[in-house]
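J.: Structure for the following, please:
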Amino acid sequence: MPGGLGGGMPSVSQASPSNTAGVLQYCIQNKYVSGGGASSVKDSLMSKVTGSGQGTNDSGYKAGSSGLLQTGNGQNYSLGGDGVKAQVTQKVCDQVLQHAKSLL
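T.: So this is what the prediction gives:
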């Protein structure tokens, strides 16, 4: 899949706040990011998202929590896998955490 950052990395900056929170949940559950700080960022972001009437029923959140990063323009990037894909997922999760912090 072309685009994103070098090496086929997807761009996380186009993901909606709810999708970002969902992906962060996925990353925490699958141990791509360490729990404590990441969990509090996710919870803060979720309270911001749910304050706008969305939440865990939001399609962006549901997609994210199942490992689907919505990269904009109707494009998705599937997380998880083995080998190189797992290394890319690790980097994406780190970027999603930073992006989530920027949304707070």
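J.: can we go C-alpha only for contacts and neighbour counts from here?
T.: Noted.
J.: List the contacts of Thr56.
T.: If you count contacts by CA atoms under 8 Å, 6 or more residues apart in numbering, Thr56 has them with Lys62.
J.: and it, what helix or strand is that in?
T.: Under the criterion DSSP states H and E, no helix or strand holds Thr56.
J.: can you check Ser44 too?
T.: Going by DSSP H and E, Ser44 is part of helix 35-51.
J.: how about the CA coordinates for that helix, as CSV?
T.: The C-alpha coordinates for helix 35-51 follow below in CSV (Å, rounded to 0.1, in the frame of the first residue of the first chain):
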residue,chain,number,x,y,z
GLY,A,35,-0.6,-0.1,29.9
GLY,A,36,-0.4,2.7,32.6
GLY,A,37,0.3,5.9,30.7
ALA,A,38,-1.3,4.7,27.5
SER,A,39,-4.4,3.7,29.4
SER,A,40,-4.8,7.1,31.0
VAL,A,41,-4.4,8.8,27.6
LYS,A,42,-7.0,6.5,26.1
ASP,A,43,-9.4,7.1,29.0
SER,A,44,-8.9,10.9,28.7
LEU,A,45,-9.5,10.7,25.0
MET,A,46,-12.5,8.5,25.4
SER,A,47,-14.1,10.9,27.9
LYS,A,48,-13.5,13.7,25.4
VAL,A,49,-15.1,11.6,22.6
THR,A,50,-18.0,10.4,24.7
GLY,A,51,-18.7,14.0,25.7
